[in-house]
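> Sharing a model prediction with you, sequence too.
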Amino acid sequence: MTHERRTTILWLVAGTFVMAAATNLFFVPADVVAGGFTGLAMFIRHLTKPLVRGGIPVWVSNIVLNIPLMIASVKMRGWRYIRRTLFASAFFSLWLAVIPDFAISGSDLFLAAILGGLLMGVGCGMVFLGRATTGGTDTLAALIQRKVPHLPVAKILPAVDGVIILMSVFIFGVEKSGYAIVSVILSGIVADRFVSGHRNACLAYIISDKYLTIGNEIMKELDRGATVVPVKGMYTSEDRNMLICAVSIKESVILKDIVADIDPTAFCIITDAEEIRGEGFLRYTHDEL
């Protein structure tokens, strides 16, 4: 096993542990639904309490909900695209089963939302460094996008998570749903900062004979533009085309899989961008114009 693969596995195992700790120690005891399939699993747990003592465990529902999505993803995109996500999803469910439900924050909803959001953000950041997600709504959004190709995943995912949080209003009440929104926003900020430090995006340089296919897939799945630049190989003196694309930290995970899926022999450089301004990123202030 290579050093890179060992590092990836370490990030995924540790990251899913931290995410599960945030779920079982803060979100589940406080009924704060932070989106995703974990939120749906919390609904199932709550609604089945009259039928099953304590309700169906969150880890059981998480596995059941993810199985059909993983099967569909493998059929549609192949094993190469889904293997890390499958690994992360399995370990996330394992940690959910191992870590007991215990309300560290007591009955304080604010503390549960803040500490849970911080911990979840760190865990997600670690999983992103392992170049994966834990499945759930990320995978569901990608599958939905296959049916409605005019909508990018970047817009479908917030809508799916938003629906789940909206559902929590009717199950757990407005107050807890409000704290859930705070937690989701906080975890997203922390995850990006954990991966990128003070940087807010990445730049990808991709050289491939299939640059048009890769570019179209980036525009369709990520709703990001790309620029084609003619280049010449110094060693071969061949004329080639290079794609330049700016993406967010989380989108860089998907971009790597897109490139690997379409052209495993592509030459791809992904580098951190200290700051990117323009459409889809930071806006200019009047003083800078």
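Arrived safely, thanks for sending.
> contacts, neighbours, all on C-alpha from now
OK.
> low pLDDT regions in the stretch 51-200 of the chain?
The stretch 51-200 of the chain contains residues with pLDDT under 70 at 77-78, 80-81, 145, 149-155, 157, 195-200.
> cutoff 90 now
51-55, 58-59, 61-62, 65-90, 100-110, 112, 117, 120-200 (pLDDT under 90).
> Might one say that Ser14 is in contact with Gly125?
Just to correct that, residue 14 is Ala rather than Ser. No. Counting by C-alpha atoms under 8 Å, Ala14 does not reach Gly125; the two are 10.6 Å apart.
> ok, those two, which is more surrounded?
Neighbour count, other C-alpha atoms under 10 Å: between Ala14 and Gly125, Gly125 has more, with 30 against 19.
> separation between that one and Trp79?
Applying C-alpha to C-alpha, to the nearest Å, the value for Gly125 to Trp79 is 23 Å.
> what's the answer for Trp11, then?
Distance, Trp11 to Trp79, by C-alpha to C-alpha: 20 Å.
> and the two? which has more neighbours close in?
With neighbours defined as other C-alpha under 10 Å, Trp11 and Trp79 compare such that Trp11 has more, 23 against 15.
> got the contact list for Pro29?
Applying C-alpha atoms under 8 Å, 6 or more residues apart in numbering to Pro29 gives the contacts 101-103.
> host element of it?
Assessed by DSSP states H and E, Pro29 sits inside helix 28-30.
> mind checking how far that helix is from the chain centre?
Remark: helix 28-30 is offset 22 Å from the chain centroid, using C-alpha atoms, centre = their mean, to the nearest Å.
> now the residue nearest to Lys49 when sequence neighbours are not counted, what's its secondary structure?
The shortest distance from Lys49 to any non-neighbouring residue, by C-alpha to C-alpha, 6 or more residues apart in numbering, is to Gly55 (3.9 Å). Three-state assignment for Gly55 (DSSP: H, G, I helix; E, B strand; the rest coil): coil.
> wait, Gly55 sits on Ile44?
Yes. Using C-alpha under 8 Å, Gly55 is in contact with Ile44, at 7.4 Å.
> before we move on, what SS does the closest residue to Ala204 other than its chain neighbours have?
Closest residue in space to Ala204, ignoring its immediate chain neighbours: Ile270 at 4.4 Å, by C-alpha to C-alpha, 6+ apart. With three-state DSSP as the basis, Ile270 sits in strand.
> ok now do Ile270, which residues does it touch?
202-205, 252.
> Spell out the residue ranges of the helices in the protein.
Here the chain has its helices, by DSSP state H, at 3-22, 28-30, 36-47, 58-77, 79-98, 109-129, 137-147, 153-172, 174-196, 211-222, 249-262.
> any idea which of those helices is most buried?
With neighbours defined as mean count of other C-alpha atoms under 10 Å, the helices of the chain peak in mean count at helix 109-129, which reaches a mean of 26.
> Now do it: everything it contacts.
With contacts defined as C-alpha under 8 Å, 6+ apart, helix 109-129 is touched by 8, 11-12, 14-19, 21-23, 25-27, 30, 32, 88, 105, 133-134, 176, 179-180, 182-192, 194-195, 250, 253.
> hang on, the earlier thing: sitting in strands, which of the contacts of Ile270 do you find?
In strands, defined here by DSSP state E, the members of those are 202-205.
> now, the most widely separated pair of these?
In the ones in strands among the contacts of Ile270, two members sit farther apart than any others by C-alpha to C-alpha. They are Cys202 and Tyr205, at 10.0 Å.
> mind checking how far the closest residue to Ala201 other than its chain neighbours is from Ser73?
In space, and not counting its chain neighbours, Ala201 is closest to Ser248: 4.4 Å by C-alpha to C-alpha, 6+ apart. According to C-alpha to C-alpha, Ser248 and Ser73 sit 23 Å apart.
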